[in-house]
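1. Here you go, sequence then predicted model.
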Amino acid sequence: MSDGKARAPLSRDRVLSAALRIADVDGLPAVTMRRVAGDLEVEAMSLYHHVRNKEELLDGLVESVVGEVLTEVGLAEAAASPASEDWHASLRRRCLIARTVMVRHSWAPGLIGSRPTIPAPLYLYFEEILAVLVGGGFTYHLAHQALHSLGSMALGFAQELFNPADSGGQVDEGAAEADLAAMAERLPHLTTMVAAELHDHDEDPLGWCDSQREFEFTLDLLLDGLARQLQADSV
């Protein structure tokens with residue numbers, strides 16, 4: 001029975017917004033066509049007019065998250081003082097803004113890494129980064145090397161060495177402790193380091209070894225190294 005309220009027409013944006021809310025609240029595995037339809041109070045079949053299948057829905061989620069990054073970067077860039085701006089500050093700000101968005105949607109890094117194709121908004125994001133680098137004096141060759149060096153950090157997260165969770169940092173602490181105990185005798189230095197650096201998950205929503213402090217430390221090393229290389233190439 002209708003409650004008498006006018007309902008907004010179903011659209012791709014509404015479908016993706018509903019899927020985004022579900023992923024944020026209940027995790028990416030909860031995002032199904034049936035669940036999205038239920039949250040929108042429509043029949044599941046009606047979703048297929050806007051997203052052809054589950055894979056297209058997941059691609060749409062990546063587009064939505066990258067769209068948030070682009071929007072927030074655009075606002076920050078517009079507010080920055082161009083007179084005192086350089087490529088280093090602009091690129092650092094972009095990476096940290098991207099990280100803020102990835103922390104907001106902690107399932108997104110795993111999803112981005114799993115997609116078989118590159119969503120269109122990602123091309124635009126990297127086009128803007130290239131514009132910053134080339135505008136700062138980078139050759140296209142050095143800019144290409146910079147993108148490879150930054151890797152996923154350009155998108156605000158680090159692809160970690162030690163078993164990062166596919167859903168964006170959910171760590172099974174019991175399993176981690178068991179793994180450490182099993183490795184301790186054979187790998188004493190590695191296990192001591194991991195035990196010392198294993199953070200509380202609440203501090204590090206993108207994974208045990210991806211804290212804000214560590215992210216910024218690595219980012220600054222990369223940017224400072226690129227600055228030195230740019231200076232060396234200019235001599």
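-> In hand now; what should we look at?
2. Could you pull out the helices in the protein for me?
-> In the chain, the helices defined using DSSP state H lie at 12-26, 33-40, 44-47, 54-79, 87-104, 108-114, 120-135, 140-150, 173-183, 188-197, 212-234.
3. same for the shortest one, what does it pack against?
-> Meaning helix 44-47. Using 3 or more CB pairs under 8 Å, 6 or more residues apart in numbering; DSSP states H and E, the elements in contact with helix 44-47 are helix 33-40. For every residue, glycine as well, the C-beta is placed using N, CA and C.
4. Repeat that for the first one.
-> Applying 3+ CB pairs under 8 Å, 6+ apart, one finds that helix 12-26 makes contact with helix 33-40, helix 54-79.
5. now do the second one
-> Here helix 33-40 touches helix 12-26, helix 44-47, helix 54-79, going by 3+ CB pairs under 8 Å, 6+ apart.
6. Contact partners for the nearest residue to Gly67 once chain neighbours are set aside?
-> Distance criterion CB to CB, 6 or more residues apart in numbering; nearest residue to Gly67, sequence neighbours excluded, is Pro121 at 5.5 Å. Applying CB atoms under 8 Å, 6 or more residues apart in numbering to Pro121 gives the contacts Val62, Glu63, Val66, Gly67, Leu70.
7. out of those residues, who has the most neighbours?
-> Val66 (22 neighbours; other CB atoms under 10 Å).
8. Verify the contact between it and Pro119 for me.
-> Yes: counting by CB atoms under 8 Å, Pro119 is a contact partner of Val66 at 6.4 Å.
9. Could you export the helices and strands packed on helix 33-40 as JSON lines, including mean pLDDT and distance to Ala146?
-> Below are the helices and strands packed on helix 33-40 laid out as JSON lines (pLDDT from 0 to 100; distance: least, CB to CB, whole Å):
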{"stretch": "helix 12-26", "mean pLDDT": "98", "distance to Ala146": "31"}
{"stretch": "helix 44-47", "mean pLDDT": "95", "distance to Ala146": "40"}
{"stretch": "helix 54-79", "mean pLDDT": "95", "distance to Ala146": "17"}
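10. which one of those helices lies closest to Arg228?
-> When those are compared by CB to CB, helix 54-79 sits nearest Arg228, at 24.9 Å.
11. Does the closest one pack against any helices or strands, and if so which?
-> Using 3+ CB pairs under 8 Å, 6+ apart: helix 54-79 touches helix 12-26, helix 33-40, helix 87-104, helix 108-114, helix 120-135.
12. Measure how far the first one is from the centre of its chain, please.
-> Mean C-alpha position of helix 12-26 versus that of the full chain (CA atoms, centre = their mean, to the nearest Å) differs by 16 Å.
13. distance of Ser211 from Thr117?
-> Ser211 sits 31 Å away from Thr117, going by CB to CB, to the nearest Å.
14. And the two? Which one has more around it.
-> Neighbour tally, Ser211 and Thr117, criterion other CB under 10 Å: the higher count belongs to Ser211, 18 against 9.
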